[in-house]
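K.L.:
Next input, structure requested:
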Amino acid sequence: MAGRPQWGTTREFIFVLLGYAIGIGNLWRFPYLCGRYGGGSFLIPYLLSLAVVGAPTYLLELILGQRFQKGAVEVYPMLHPAALGLGYCCVFSVLAICTYYNVILAWTLVYLFYSFSSHLPWAEDPEGFLMGTVLHRTKDLNEPGRGAVEGHLVLALLLVWLIVFAALCRGIKSTGKVAYVTVSLPIILVVILFFRCIALPGAGAGLRYYLVPRLKPLLDPSTWSIACSQILFSLSPGLGTAIALASYNKPTEDIYRINLLVSLTNSSFSLFGGFVVFSIVGYMADLHGVPVEEVAKSGPGLAFEVFAQAITTLPVPQFWSVLFFVMLLTLGLDSTFAWMESINTFVLDLLAKRNMTVANWKITLATCVVSFLFGIAFCTRGGSYLLDIIDHYCATYVLLAVVCIELILVWRWYGFKRVKTDLQEMTGKVLPKWFYVCWHVTPFITGALFLVVLITDFRTAFGGHPPAFQALGWLSMLIPLGIVFPGLAIYVLVEARRSSKAKDTHDLDGPEYTEMGPGIGLGAAAPTPATSCKPSPCTDPEDDEVVEVSLEESAESRGFVNLTAQKKDRREVSVLDIYIYIYLYLSVYLTHTNMCVYMLPDSFLFFFLI
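P.N.:
The predicted structure is shown next:
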């Protein structure tokens, strides 16, 4: 797209990526999941997931974004027209996550307001302050009044969205500048808290729980699936955010080095923050005379309770409280900024296809207003329960499924060899074999973990919540995976076949196939690529065919294609075919046993495509 804005400097791009990776989830979601799933037992699958799934998939998305200079909704259909729905699935998921994620930032603002009190009100009972004063939470979801809206939370949420709008209304230029402060400040403050908290009484017991693995949680498949979902939640491959942010890069940016820097820094921050959190967990367990495990499994409010407790032990606690909750706020805002930029990229690319332009501030305002209105549901007395449910069903299921489908899409219709070539053309670096192997393995891992979580949730209701709220959780997962993705894919395929039948007999066999997938380089004359990195002919060392590749127009401009005219590399695809057939068998079997009816549309879609 001509005239696409770019990051001012490489440093800005790195800080924005760090900002969206290192978020409040590193100090909120990671610790409470680690506590819930066995402490040290959780770290093993977490680190393995980083090495095998997180970092390789993150690099893949950075390559696609920088190569095509477009957002996910535009990139996926360029690989295969039927993948249009996958991009919309990402957009829906980002909107859903932003909606409840910023409610946690609203909690932070409430704490920040009380930090200016002469006496910190949570000093005696951190849990009681969070559940009573901040959330006014009902004892359970069956209690009357669970839908009552808490006005102070709504006002705090409104203020959060006003901050987001002010930071993003000027586009990526303002985002890059803000990231310098919002990334540096949290790291400095966590280091300060670390040296204070490890000296607390009982900290050693908390650290032992955090670092020493136990066998029973490791044998639980849920531990592995949740650990994988956490690294995906943090780095956010599968949400299209990395693709969107990399699309504003210069075409020669060294994204391989940036990927390693961001992936390792993000997980290091989570692990380092874990020392702080579990030092305080041990202190609280010692203070109240309860087992460390009981405090560690307290749920989504863990970070607020333990950090609030730690602050009261510091000299001049009001000063440290203000600094800490400002830090927590900036951590969360960084991630929100990146997610919002991916949504804005989707809208801008959509308008560009129609030769329309709308001011960035208007798009940002509309997104903020819609997200704020939906977020009010989480500001009720039962809102924290709803947040826990949506976070599990929407984040865990969607991330695992989208990463699995995305890699299959690239594997089959674009080719990992082509991705290797793209990286070398843009950066001059050769992709290590480890990443190449992981790209082939990850669909198996994420697909299997998806089924594990699915079967577990059917056997035992998540969190023991009432059926009505469980239904809301399933709905938040079904909309993107069971309706948006297969629905749009079926629509595209039906339109493609209808278009093919309307063509002359000469055109019935469809246009020539290229390794970039059906439709690339077809249709109207190709516009000049937005990048200065002109791709060169690529020769597969195991195939003498030379393929000219160019970054062509979107799916709409090139029209639909006859999907039957495809040359298949049987040697490379055979393993993938076996995997898809196994997936189909499991899907149909589970559907027959009334365990996952919603998987059937996706199953038939895979069958139709192969």
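K.L.:
C-alpha from now on. contacts and neighbour counts both.
P.N.:
Will do.
K.L.:
Residue ranges in the stretch 101-250 of the chain under the pLDDT threshold?
P.N.:
145, 171-179, 182 (pLDDT under 70).
K.L.:
show me where it has strands.
P.N.:
In the stretch 101-250 of the chain, no strands are defined using DSSP state E, counting those that start in this stretch.
K.L.:
Residue 5 belongs to a helix?
P.N.:
No. Counting by DSSP: H, G, I helix; E, B strand; the rest coil, one finds residue 5 to be coil, located in no helix.
K.L.:
Skipping adjacent residues, who's closest to it in space?
P.N.:
residue 248 (6.1 Å; Cα to Cα, 6 or more residues apart in numbering).
K.L.:
I figured that neighbour was touching residue 71, is that so?
P.N.:
No. Taking contacts as Cα atoms under 8 Å, residue 248 lies outside contact range of residue 71: 9.4 Å.
K.L.:
more neighbours, these two?
P.N.:
Each of residue 248 and residue 71 has its neighbours counted (other Cα atoms under 10 Å); residue 71 has more, 30 against 21.
K.L.:
I figured that one hits residue 349, correct?
P.N.:
Yes. With contact defined as Cα under 8 Å, residue 71 reaches residue 349; the gap is 7.1 Å.
K.L.:
do you know how far residue 113 is from residue 323?
P.N.:
Residue 113 sits 12 Å away from residue 323, going by Cα to Cα, to the nearest Å.
K.L.:
so where's the longest helix in this structure?
P.N.:
The helix spanning the most residues in the chain, taking DSSP state H as the definition, is helix 317-353.
K.L.:
Can you list the low-confidence ranges for the stretch 251-400 of the chain?
P.N.:
The low-confidence ranges in the stretch 251-400 of the chain, as defined by pLDDT under 70, are 298-301, 303.
K.L.:
can you give me the helices in it?
P.N.:
Ranges of helices within the stretch 251-400 of the chain are 255-288, 292-296, 302-311, 317-353, 360-375, 383-390, 398-413, based on DSSP state H, counting those that start in this stretch.
K.L.:
With the stretch 51-200 of the chain instead?
P.N.:
Counting by DSSP H, counting those that start in this stretch, the helices of the stretch 51-200 of the chain are 55-68, 72-79, 84-114, 126-128, 151-168, 172-197.
K.L.:
Report the contact partners of the residue nearest to residue 5.
P.N.:
4-7, 66, 69 (Cα atoms under 8 Å, 6 or more residues apart in numbering).
K.L.:
redo that, cut-off 10 Å
P.N.:
Residues counted as contacts of residue 248 (Cα atoms under 10 Å, 6 or more residues apart in numbering) are 4-8, 13, 65-66, 69-71, 172, 345.
K.L.:
how near is the residue most central in space within the chain to residue 218?
P.N.:
Among the residues of the chain, the one closest to the centroid is residue 236, at 2.8 Å (Cα atoms, centre = their mean). Relative to residue 218, residue 236 is positioned 24 Å away (Cα to Cα).
K.L.:
same check, this time on residue 286
P.N.:
Distance from residue 286 to residue 218, by Cα to Cα: 26 Å.
K.L.:
now the helices of the stretch 51-200 of the chain in TSV, with distance to residue 405?
P.N.:
As requested, those are exported to TSV (distance: least, Cα to Cα, whole Å):
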stretch	distance to residue 405
helix 55-68	12
helix 72-79	11
helix 84-114	8
helix 126-128	41
helix 151-168	31
helix 172-197	29
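K.L.:
among those, which is nearest residue 395?
P.N.:
For the helices of the stretch 51-200 of the chain, proximity to residue 395 was assessed by Cα to Cα; helix 84-114 is nearest, at 7.3 Å.
K.L.:
Buried ones in that closest one, by neighbour count?
P.N.:
If you call a residue buried by 16 or more other Cα atoms under 10 Å, then helix 84-114 has these buried ones: 84-112, 114.
K.L.:
ok, now stretch 437-455?
P.N.:
Buried residues in stretch 437-455, counted by 16+ other Cα under 10 Å: 438-440, 442-454.
K.L.:
Now, those that are in helices?
P.N.:
When DSSP H is applied, the buried residues of stretch 437-455 are split such that 438-440, 442-454 fall in helices.
K.L.:
Closest to residue 294 out of those?
P.N.:
Using Cα to Cα, residue 453 comes nearest to residue 294 of those, at 23.8 Å.
K.L.:
Relative to residue 407, how far out is that closest one?
P.N.:
Per Cα to Cα, residue 453 is found 20 Å from residue 407.
K.L.:
Also residue 355?
P.N.:
31 Å.
K.L.:
Neighbour count: the two, which is higher?
P.N.:
residue 407 (22 against 8).
K.L.:
now the more buried one, nearest residue through space, not along the chain?
P.N.:
The spatial neighbour of residue 407 that comes closest, neighbours along the chain excluded (Cα to Cα, 6+ apart), is residue 443 at 6.3 Å.
K.L.:
how about that neighbour, what does it touch?
P.N.:
53, 400-408, 411, 449, 576, 579.
K.L.:
Residue 152 now?
P.N.:
Residues counted as contacts of residue 152 (Cα under 10 Å, 6+ apart) are 106-107, 110, 134-135, 158, 379.
K.L.:
Tell me the one among those nearest to residue 256.
P.N.:
residue 106 (35.7 Å).
K.L.:
thinking residue 345 is in contact with residue 72, fair?
P.N.:
Yes. Counting by Cα atoms under 10 Å, residue 72 is a contact partner of residue 345 at 8.8 Å.
K.L.:
Overlap in contacts, the two.
P.N.:
241, 243-244, 247.
K.L.:
In CSV, list the contacts of residue 443 along with distance to residue 463.
P.N.:
Shown next, in CSV, are the contacts of residue 443 (distance: Cα to Cα, whole Å):
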residue, distance to residue 463
53, 27
400, 20
401, 22
402, 24
403, 25
404, 26
405, 28
406, 30
407, 31
408, 32
411, 36
449, 19
576, 35
579, 32
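K.L.:
which of these count as buried?
P.N.:
53, 400-408, 411, 449, 576.
K.L.:
Just flag the most distant two among these.
P.N.:
411 and 449 (19.5 Å).
K.L.:
Quick check: mean pLDDT of stretch 41-59?
P.N.:
Mean per-residue pLDDT for stretch 41-59: 94.
K.L.:
Need the distance between the two termini of it.
P.N.:
One end of stretch 41-59 to the other measures 27 Å (Cα to Cα).
K.L.:
chain center to it, what's the gap?
P.N.:
Mean-position distance between stretch 41-59 and its chain equals 14 Å (Cα atoms, centre = their mean, to the nearest Å).
K.L.:
Next, the buried residues of that stretch.
P.N.:
Neighbour-count burial for stretch 41-59, with 16+ other Cα under 10 Å as criterion, is recorded at 41-47, 49-59.
K.L.:
Contact partners for residue 310?
P.N.:
Counted by Cα under 10 Å, 6+ apart, residue 310 has contacts 123, 193, 196-197, 200, 276-277, 279-281, 283-284, 317, 320-321.
K.L.:
residue contacts, residue 461?
P.N.:
Taking Cα under 10 Å, 6+ apart, we find residue 461 in contact with 467, 470.
K.L.:
Residue 187 now?
P.N.:
22, 269, 272-273, 327, 331.
K.L.:
wait, which of the contacts of residue 152 is closest to residue 418?
P.N.:
Within those, the smallest distance to residue 418 is 44.4 Å, found for residue 106 (Cα to Cα).
K.L.:
Hmm, the closest one is touching residue 162, no?
P.N.:
No. Taking contacts as Cα under 10 Å, residue 106 lies outside contact range of residue 162: 11.7 Å.
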